[in-house]
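Enquirer: Predicted coordinates and the sequence they were generated for:
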Amino acid sequence: MRPTVIFYGFYLLCFGLGVACVVCVCLWNSKWRGGFAWDGSSLQFNWHPVLMVTGLVVVYGNGAVLYRIPLTWGQNKLPWKLLHAALMLLALVLSIVGLCAVFDFHNAQKTPNLYSIHSWIGIAATALFAISWTMLITTLMISMCPLATILVTAIVSC
Ligand code: HEM
């Protein structure tokens, strides 16, 4: 079988598993954990698994493999770069809102924040992702507009 066909087979399998994962986490939280709200109750916490899995696992994963999809090869890279940046921005926004849900919930319940290995690794992962996204945007700006190079160099040298 041709490598491209094998790639698409596995890509679609992974994509399907990602979508199934989001659907299952949504069902788990809506049917068995009481649903969703934004009021400091445990229903607010339920947004956390949904948004973290959707943002940092599924949307991020698809954004990361975008350039590996044969459809994107040998074409004008700019639209794909913009789509890559947009998917990464969406992943970042979803994960930040997911973190707000759990921090808000802890604060409302007077529970201390960042008391577990999960929370430390999680906050480090999100912070590193935010830094990497900022660098992605900087590189994209530089490749699109040479004037941005001067601006970024000026800011960095300050
Ligand atoms: C990429 C995925 C995830 C990241 C980056 C992440 C990050 C975090 C962070 C930073 C906290 C600390 C919040 C605070 O101290 O106020 C936290 C808490 C928590 N998260 Fe996640 N999370 C992720 C996925 C999940 C998932 C999928 C679940 C459940 C299925 C989950 C369950 C919890 C629970 C129960 C807490 C509260 C207890 C604790 O702080 O360990 N998380 N998460």
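Expert: The structure has been received and is ready for your questions. Being a predicted model, the structure only gives us computed values, none of them experimental.

Enquirer: contacting residues around the residue of the chain found nearest the ligand?
Expert: Residue of the chain nearest the ligand, by C-beta to the nearest ligand atom: Gly122 (2.3 Å). Heads up, the C-betas are built off the backbone N, CA and C, glycines and all. Neighbouring residues of Gly122 by C-beta atoms under 8 Å, 6 or more residues apart in numbering: Met52, Leu99.

Enquirer: Over to Lys81?
Expert: Lys81 touches Leu140, Ser143, counting by C-beta under 8 Å, 6+ apart.

Enquirer: Repeat that for Met135.
Expert: Listed by C-beta under 8 Å, 6+ apart, the contact set of Met135 is empty.

Enquirer: Check which residues of the helix or strand hosting it are buried.
Expert: Remark: Met135 resides in helix 117-144, with elements defined by DSSP states H and E. Across helix 117-144, burial judged by 16 or more other C-beta atoms under 10 Å covers Ser119, Gly122, Thr126, Phe129, Trp133, Leu136, Thr138, Leu140, Met141, Ile142.

Enquirer: Repeat that for stretch 58-75.
Expert: By neighbour count with 16+ other C-beta under 10 Å, stretch 58-75 contains the buried residues Val58, Val59, Tyr60, Asn62, Gly63, Thr72.

Enquirer: Give me the mean pLDDT for it.
Expert: Stretch 58-75 shows a mean pLDDT of 90.

Enquirer: Is any residue of it near the ligand?
Expert: No: Stretch 58-75 lies out of reach of the ligand by C-beta under 6 Å from any ligand atom, never closer than 8.6 Å.

Enquirer: Just the CA atoms of that stretch, as CSV, please.
Expert: What follows is stretch 58-75 as a C-alpha-only set of coordinates in CSV (Å, rounded to 0.1, in the frame of the first residue of the first chain):
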residue,chain,number,x,y,z
VAL,A,58,-7.3,17.2,20.3
VAL,A,59,-7.1,20.7,18.8
TYR,A,60,-3.3,21.0,19.7
GLY,A,61,-2.6,17.5,18.3
ASN,A,62,-4.3,18.3,15.0
GLY,A,63,-2.6,21.7,14.8
ALA,A,64,0.8,20.0,15.4
VAL,A,65,0.5,17.4,12.6
LEU,A,66,-1.0,19.9,10.0
TYR,A,67,2.3,20.2,8.0
ARG,A,68,2.6,16.4,7.8
ILE,A,69,-0.7,16.1,5.9
PRO,A,70,0.3,15.4,2.2
LEU,A,71,-2.4,17.9,1.1
THR,A,72,-0.4,20.7,2.5
TRP,A,73,2.8,19.8,0.6
GLY,A,74,4.1,21.7,-2.4
GLN,A,75,1.6,24.5,-2.0
